[in-house]
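[1] I would like to see how this sequence folds:
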Amino acid sequence: MTRSPELLRLADAVLQPGFEGTTPPEWLRRRLEEGLGGVVLFSRNIASAGQVASLTAALREHRPEVLVAIDEEAGDVTRLEAATGSTRPGNLALGVVDDAKLTAELARGLGRDLAAVGVNLNYAPSGDVNSNPDNPVIGVRSFGSDPALVARQTAAWIQGLQAAGVAACVKHFPGHGDTGVDSHLALPEIAASADEMAAVALPPFRAAFDVGVKSVMCGHLMVPAYDTEFPATLSRRILVDLLRTELGFDGLLVTDALEMKAVSDRWGLTGAAVLAIAAGADALCVGGGLCDEDTAITLRDALVDAVVSGDLSEDRLREAAGRVSSLASWVGTVSDSSAADPGLGLEAARRAIRVTVAPGERSLPLQSAPHVVEFRPEMNQAVDRSTPWGLGAPLSALMPATSVATFTPADASCLDEIALDPAAGRPLVLVVRDAHRHPWMTAALDRILAARPDAGICRDGPARRPHPRRLPLATHGATRVTGQAAAEVLAG
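    Sure thing, here's the model as predicted:
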């Protein structure tokens, strides 16, 4: 057997690479004409809605049936609105509100926006149950820690998105919520038993299958309860025995990005690609830093060579390519020309605000313009580093005398100058993000609150280590609309 044109076409069909630029590079145009099945967009490819629409139209000039994917969760993980911050709150906020109709309508509006710019596959929602509160990569991306709540919210989100004709891709199967390691950086291991996985991690995926989700993204997760040799992405026991046979899912199965260290460090990019397809995956996402023609051709050739050598069956590769084609045939068959409600995201963010004030205490609204200190941790790799967030800007618009400062790990020796001195004689508001995971942040909070026990804290999620006197306001996410909603509460 040789590298026949048919094998090359089948291998191209299962690839979903990223690329640089806001217009299609020449190499991508060539690959599409030779059978590339999909591409994935990130914020580096996005300047405006009109530009994205032109980009996707240009892609389809070379392959009309191409799947154009994006990693648009809304909330903290946004690509369409990476430059401005999301106009929709993320999953944790929606889980706190727990209104399935609201969730579905928000997701439907997102689907309309994606369809309008030519995107037809969305790597969302996260169906992970955030059962480990110290999880470094899921957190507010999850609807919550209760499996039943996460299941009904996941189902509602999928129904809304797919009602707009965009395929949802629930992730990260079989569940990334009970991990203490970011799979971008290393391979997480989940210690739960099969019964515990069935009770906690799997219900949202079952709910997704019940409402007809079109695709699933498998996570780079070691789950010894199912497989002691391979992580989920490379495990036939998980992808076929569990997902296909036991749970009955027959749609498109996409890998998480193969360049992530959880799999690439041990198996290499091409080794992971071959093992993933052989194990039952249908499409290979290579999205982050690897986005050139050499990578795409190397992956294609590795798959073909594996078929030639007998390490990968041609039938398995053909089955995978067939599922890509089936999804491409579905997208676009549903259309929804109605306009998204531009105010719905802010309404949802307002409903997700939770204020905790001790009996007899009146700390809100603020009586005068405050000094705001925004703590800026290094975010996990799923969150675009350039996406703006915070309370200072929207609060300054409502209370113009507000002053704003940022605090990072490098500022530990300047705490008084940044936080305390400018707040003398005025309210002090501290804006924290993932505080429980950053010792430098909790240490700074302790020092500030020792000097200013009246300081207010605006946090992005439930407090793991609450200060008994002052943690009055939780936004359940860090997006443009959650900042606006919090500012409205503080300003009254």
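
[2] ranges for the helices of the stretch 351-492 of the chain?
    Taking DSSP state H, counting those that start in this stretch as the criterion, the stretch 351-492 of the chain contains helices spanning 392-398, 415, 439-451, 480-491.

[3] no wait, the stretch 201-350 of the chain
    So, for the stretch 201-350 of the chain - with DSSP H, counting those that start in this stretch - the helices run 203-210, 236, 261-267, 269-279, 293-309, 314-330, 344-352.

[4] Nearest residue to residue 331 in space, please, no chain neighbours.
    The shortest distance from residue 331 to any non-neighbouring residue, by Cβ to Cβ, 6 or more residues apart in numbering, is to residue 120 (3.8 Å). C-beta here means a position set from N, CA and C on the backbone, and glycine is covered the same way.

[5] Make sure the one you found is actually in contact with residue 168.
    No - using Cβ atoms under 8 Å, residue 120 makes no contact with residue 168, being 11.0 Å away.

[6] The two: who's more crowded?
    Between residue 120 and residue 168, residue 168 has the larger neighbour count (other Cβ atoms under 10 Å), namely 28 against 24.

[7] Would you mark the buried spots in the helix or strand of the chain with the lowest mean pLDDT?
    Ranked by mean pLDDT, DSSP states H and E, the helix or strand of the chain with the weakest confidence is strand 456-459, at a mean of 85. By 16 or more other Cβ atoms under 10 Å, the buried positions in strand 456-459 come out as 456, 457, 458, 459.

[8] shaky segments in the stretch 351-492 of the chain?
    Across the stretch 351-492 of the chain, the ranges flagged by pLDDT under 70 are 357-362, 380-381, 461-471.

[9] Same check on the chain?
    Within the chain, the segments meeting pLDDT under 70 span 1, 288-290, 357-362, 380-381, 461-471.

[10] how's it carved up into domains?
    By the assignment in automatic domain parsing, the chain contains the domains 5-330, 353-491.

[11] partners of residue 126 in the sheet?
    residue 171 (DSSP bridges).

[12] Enumerate every residue touching it.
    73, 91, 138, 141, 142, 143, 170, 171, 172, 176 (Cβ atoms under 8 Å, 6 or more residues apart in numbering).

[13] For this protein, which segments are assigned as strands?
    Under the criterion DSSP state E, the chain contains strands at 15-17, 38-41, 67-70, 121-122, 167-173, 215-218, 252-255, 284-286, 354-355, 371-375, 403-407, 428-432, 456-459, 473-474.

[14] count of residues packed around the closest residue to residue 99 other than its chain neighbours?
    Spatially, and ignoring its direct neighbours in sequence, residue 99 is nearest to residue 351 (7.6 Å; Cβ to Cβ, 6+ apart). Neighbour count for residue 351, taken as other Cβ under 10 Å: 17.

[15] isn't residue 351 right next to residue 97, touching?
    Yes - taking contacts as Cβ under 8 Å, residue 351 lies within contact range of residue 97: 4.7 Å.

[16] Pull the residues that contact stretch 366-377.
    Around stretch 366-377, the neighbours that count as contacts under Cβ under 8 Å, 6+ apart are 390-392, 395, 399-409, 418-419, 422-423, 426-435, 437-438, 441, 444, 448, 456, 490-492.

[17] For residue 265, give its distance to residue 277.
    Using Cβ to Cβ, to the nearest Å, residue 265 is found at 20 Å from residue 277.

[18] Over to residue 443?
    From residue 443 to residue 277 the distance is 47 Å (Cβ to Cβ).

[19] neighbour-wise, which of these two wins?
    The neighbour comparison of residue 443 against residue 277 (other Cβ under 10 Å) goes to residue 277, with 28 against 12.

[20] Contact partners for the more buried one?
    So residue 277 contacts 14, 284, 303, 312, 316, 317, 320 (Cβ under 8 Å, 6+ apart).

[21] again, but for residue 281
    Counted by Cβ under 8 Å, 6+ apart, residue 281 has contacts 218, 233, 239, 253, 254, 255, 320.

[22] try 10 Å this time
    Applying Cβ atoms under 10 Å, 6 or more residues apart in numbering to residue 281 gives the contacts 14, 216-218, 232-235, 239, 252-256, 258, 272-273, 275, 316, 320, 323.

[23] Then residue 326?
    By Cβ under 10 Å, 6+ apart, the neighbours of residue 326 are 214, 250, 251, 252, 282.

[24] Give me the buried subset of the residues you listed.
    Burial by neighbour count, 16+ other Cβ under 10 Å: within the contacts of residue 326 this picks out 214, 251, 252, 282.

[25] what pairs with the third one across the strands?
    Beta bridges link residue 252 to residue 215, judged by DSSP bridges.

[26] That one is in contact with residue 214, isn't it?
    Yes - applying Cβ atoms under 10 Å, one finds residue 252 in contact with residue 214, separated by 6.5 Å.

[27] Roughly how far does the residue nearest to residue 99 sit from residue 95?
    On the measure of Cβ to Cβ, residue 351 and residue 95 end up 12 Å apart.

[28] what's the answer for residue 272, then?
    Residue 272 is 32 Å from residue 95, where distance means Cβ to Cβ.

[29] Name the residue in those two with the higher neighbour count.
    Each of residue 272 and residue 95 has its neighbours counted (other Cβ under 10 Å); residue 272 has more, 28 against 23.

[30] count of residues packed around the residue lying closest to the more buried one once chain neighbours are set aside?
    Leaving aside its chain neighbours, residue 272 sits nearest to residue 263 (4.3 Å; criterion: Cβ to Cβ, 6+ apart). With neighbours defined by other Cβ under 10 Å, the count for residue 263 comes to 27.

[31] from what I can see residue 263 touches residue 256, true?
    Yes - checked against Cβ under 10 Å, the pair residue 263 and residue 256 is within contact range at 8.4 Å.

[32] Overlap of the contact sets of these two?
    With Cβ under 10 Å, 6+ apart as the test, residue 263 and residue 256 both reach 183, 220, 231, 232, 233, 276.

[33] how far away is the fifth one from residue 171?
    As judged by Cβ to Cβ, residue 233 and residue 171 stand 11 Å apart.

[34] list residues touching both of the two?
    If you check residue 233 and residue 171 against Cβ under 10 Å, 6+ apart, the residues they both contact are 217, 218, 219, 254, 256.

[35] Test my guess that the third one contacts residue 256.
    Yes - the pair residue 219 / residue 256 is scored as a contact, 5.6 Å apart, by Cβ under 10 Å.

[36] Mutual contacts of these two, please.
    Residues touching both residue 219 and residue 256 (Cβ under 10 Å, 6+ apart): 171, 172, 173, 176, 183, 231, 232, 233, 262.

[37] Now for the fifth one: which residues touch it?
    Residue 183 makes contact with 136-137, 172, 176, 219-222, 231-233, 256-257, 260-263, 381-382, according to Cβ under 10 Å, 6+ apart.

[38] one more time with 6 Å, if that's ok
    Contact analysis of residue 183 by Cβ atoms under 6 Å, 6 or more residues apart in numbering lists 220, 260, 262.

[39] How about the third one?
    Residue 173 makes contact with 205, 216, 218 under the criterion Cβ under 6 Å, 6+ apart.

[40] Any chance of those residues in TSV with distance to residue 199 as columns?
    Compiled in TSV, the contacts of residue 173 are given as follows (distance: Cβ to Cβ, whole Å):
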residue	distance to residue 199
205	13
216	20
218	20
